[in-house]
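Novice: structure for this input, please:
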Amino acid sequence: MDTTSSLPIDGAGLHSGQHSSTTQAHRVQLYGVLDSVCRPLDAADVQAVFRLAELDGVTVQAVIDWINAARMLPRPL
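Specialist: Residues are numbered from 1 along each chain as shown. Below you'll find the predicted structure:
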């Protein structure tokens with residue numbers, strides 16, 4: 001099943017394509033950090049990643065930093 005969206009043929013929607021590539025990059029970053037902490041994702045998690053990825057880069061990086069910081073916390077016995 002191919003889920004890749006098609007690119008606009010003409011210049012229409014070019015700006016939204018740029019936003020889309022930023023959102024996609026954020027998604028990849030968020031999936032990467034969640035994978036690095038071995039967090040299995042359920043449907044609600046995937047939906048959260050999609051919503052978080054739409055936010056600005058500073059906010060996405062803050063979430064990534066929080067996840068990385070949580071990884072360093074001592075785990076309860």
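
Novice: my read: Arg27 touches Phe50, true?
Specialist: Yes: using CB atoms under 8 Å, Arg27 is in contact with Phe50, at 6.8 Å. For every residue, glycine as well, the C-beta is placed using N, CA and C.

Novice: how far away is Tyr31 from Pro76?
Specialist: 26 Å (CB to CB, to the nearest Å).

Novice: neighbour count for Arg27 and Phe50, which is higher?
Specialist: Neighbour count, other CB atoms under 10 Å: between Arg27 and Phe50, Arg27 has more, with 17 against 13.

Novice: so what's the more buried one up against?
Specialist: 49-50, 53 (CB atoms under 8 Å, 6 or more residues apart in numbering).

Novice: CSV for these, including secondary structure and distance to His19?
Specialist: Compiled in CSV, the contacts of Arg27 are given as follows (DSSP: H, G, I helix; E, B strand; the rest coil; distance: CB to CB, whole Å):
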residue, secondary structure, distance to His19
Val49, helix, 17
Phe50, helix, 14
Ala53, helix, 11
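
Novice: let me know the closest of those residues to Ala70.
Specialist: Val49 (16.1 Å; CB to CB).

Novice: find the nearest non-adjacent residue to the closest one, please.
Specialist: Leu30 (4.9 Å; CB to CB, 6 or more residues apart in numbering).
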